[in-house]
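Engineer: have a look at this fold, sequence not included:
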């Protein structure tokens, strides 16, 4: 697993804009899953509709941010990459709080979905932070 993550970091070091694209695609898939699928089949997942709506709205905001960075950002990738990575980690923390709060209502499939999402987002955020830091380190060496 470490080797795969290291390869991802090396791959995206010169392609930071692609990380924004991946982040935006993931965010829109998350928003769709939460708002359309999980709200429709709430009884199978267990998370209340209100919380699913909040999570999906956050995901839409992240999607807009990331796709805007992908389309319009030409410089200073590192700062913007750090922002979305930290925002993603805060989203994970919020999701974990909701998992604890609604644990008694959650079904197994709901827990599996949210835990899987958290793992994927944490890996993506780690890669984003590492790429952002490498880019920053390279700028310091160039000066």
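Structural biologist: Yes, it's here. Everything numeric in this text was worked out from a predicted model, so none of it was measured.
Engineer: what sits against residue 37?
Structural biologist: The contact partners of residue 37, by CB atoms under 8 Å, 6 or more residues apart in numbering, come to none. In short, each C-beta sits where N, CA and C put it, glycine included.
Engineer: let me fix that, I meant to ask about residue 51.
Structural biologist: Contacts of residue 51 (CB under 8 Å, 6+ apart): 98, 102.
Engineer: check which residues of stretch 5-25 are buried.
Structural biologist: For stretch 5-25, the neighbour count (16 or more other CB atoms under 10 Å) marks 8-9, 12, 16-17, 19-20, 22-24 as buried.
Engineer: just the element for residue 103, please.
Structural biologist: Taking DSSP states H and E as the definition, residue 103 sits outside all helices and strands.
Engineer: neighbours of it, just the number please.
Structural biologist: 11 (other CB atoms under 10 Å).
Engineer: can you report phi and psi for it?
Structural biologist: Main-chain dihedrals, residue 103, degrees, to the nearest 10: phi -50, psi -40.
Engineer: for it, give its distance to residue 114.
Structural biologist: Applying CB to CB, to the nearest Å, the value for residue 103 to residue 114 is 11 Å.
Engineer: try residue 12
Structural biologist: In terms of CB to CB, residue 12 sits 26 Å off from residue 114.
Engineer: same question for residue 62.
Structural biologist: 16 Å.
Engineer: just residue 85 next, same as before
Structural biologist: With distances taken as CB to CB, residue 85 is found 19 Å from residue 114.
Engineer: ok, residue 129 - contacts?
Structural biologist: 81-82, 85.
Engineer: can you put those in TSV and add secondary structure?
Structural biologist: Shown next, in TSV, are these (DSSP: H, G, I helix; E, B strand; the rest coil):
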residue	secondary structure
81	helix
82	helix
85	helix
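Engineer: who wins for neighbours among the residues you listed?
Structural biologist: residue 81 leads the contacts of residue 129 on contacts (other CB under 10 Å) with 29 neighbours.
Engineer: pretty sure it contacts residue 132?
Structural biologist: Yes. The criterion here is CB atoms under 8 Å, and residue 81 meets it with residue 132 at 4.0 Å.
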